[in-house]
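Q: my questions concern the predicted model and sequence given below.
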Amino acid sequence: MTPFESFASKAVPLPIDNVDTDVITPIGRVLEGAEALVRYAFESLRFAPDGSLRRDCPFNDPAYAGARILIGGENFGCGSSRETAVWALAGMGFSAVIAPSFGGIFFSNCFKNGVLPIVLAAEDVAAVARHAAGGSEILVDLGRQRVSAGALERSFEVPALRKEALLDGLDDLGLILKRQEALAAFETRDRLERPWVYLSPA
């Protein structure tokens, strides 16, 4: 993965609660491959029944072209454990998602795929969305764990290991390999302290 750096970007406001992973990546499109994941992400929101783009969908608004931030509602990414939902967001160019809460598995999958999920209070998410309306930029600073939207600045929590992985551009395996020496030292010490754990079966 690419190391995560602080950035300022437009943000797409999607103030809808309980957007589940099937809305983000419909199962029928998942079966069509990686390109379809991105092309048809949020299909029910972006496209009318006749296949035309819906004018009332923020994803289709030129004001948000190039946005790297998505602002969602409560329980964003709920539903199934479909990791393709995060793949689609990343493929659409999103590096961060700001919401009051997330589906648990989706939240974890974001970190594993280089996307930063940011939890803010509902009133702060609403304020950030108002600032973003029309294309104003939002600053995301992972190092300082801060989101800035005009005069509004808020901190957010992020698990230490997940923060380290994003900043270093590492997946779970990369984090383990980074600690090889420490793991080897632990095993050596543990063999001395608990030799019975390492006995081979008779």
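A: Alright, I've got the coordinates. Here the structure is a predicted model, which is why all the values come from computation and not from measurement. Numbering: from 1, shown residues only.
Q: which other residues reach the worst-scoring helix or strand of the chain on mean pLDDT?
A: Lowest on mean pLDDT, DSSP states H and E among the helices and strands of the chain sits helix 27-30, with a mean of 83. Helix 27-30 is contacted from outside by Ala36, Leu37, Arg39, Tyr40, Glu43, Arg82, Thr84, using CB atoms under 8 Å, 6 or more residues apart in numbering. Quick note: C-beta positions are derived from backbone N, CA and C, even for glycine.
Q: now those: which count as buried?
A: Among the contacts of helix 27-30, the ones that count as buried by 16 or more other CB atoms under 10 Å are Ala36, Leu37, Tyr40, Glu43, Arg82, Thr84.
Q: enumerate every residue touching the last one.
A: Under the criterion of CB under 8 Å, 6+ apart, the neighbours of Thr84 are Thr21, Thr25, Val30, Leu37.
Q: and the third one, by the same measure?
A: Applying CB under 8 Å, 6+ apart to Tyr40 gives the contacts Thr25, Pro26, Arg29, Glu32, Phe47.
Q: top of these by neighbour count?
A: With neighbours taken as other CB atoms under 10 Å, the top of the contacts of Tyr40 is Thr25, carrying 25 neighbours.
Q: still on that earlier bit, what's the farthest-apart pair in the contacts of helix 27-30?
A: Using CB to CB, those span at most 16.6 Å, a distance reached by Arg39 and Arg82.
Q: where does Phe186 land on pLDDT?
A: Looking at Phe186, its pLDDT stands at 91.
Q: hang on, the earlier thing: a markdown table please, covering the contacts of Tyr40 and showing distance to Ala65.
A: As requested, these are exported to a markdown table (distance: CB to CB, whole Å):
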| residue | distance to Ala65 |
| --- | --- |
| Thr25 | 22 |
| Pro26 | 24 |
| Arg29 | 23 |
| Glu32 | 25 |
| Phe47 | 18 |
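Q: out of those, who's nearest Ala165?
A: Proximity of the contacts of Tyr40 to Ala165 (CB to CB) peaks at Thr25, which lies at 23.4 Å.
Q: next up, the contacts around the closest one.
A: Applying CB under 8 Å, 6+ apart to Thr25 gives the contacts Leu37, Tyr40, Ala41, Arg82, Thr84, Ala85, Trp87, Ala88.
Q: nearest to Gly114 among the residues you listed?
A: Trp87 (10.4 Å).
Q: from one end of stretch 110-120 to the other, what's the distance?
A: Its start and end residues considered, stretch 110-120 measures 16 Å (CA to CA, to the nearest Å).
Q: can you list contacts of that stretch?
A: 1-2, 4, 77, 83, 86-87, 89-90, 94-102, 106-107, 128, 140, 142, 147, 154, 156-159, 162, 165-166, 169, 171-172.
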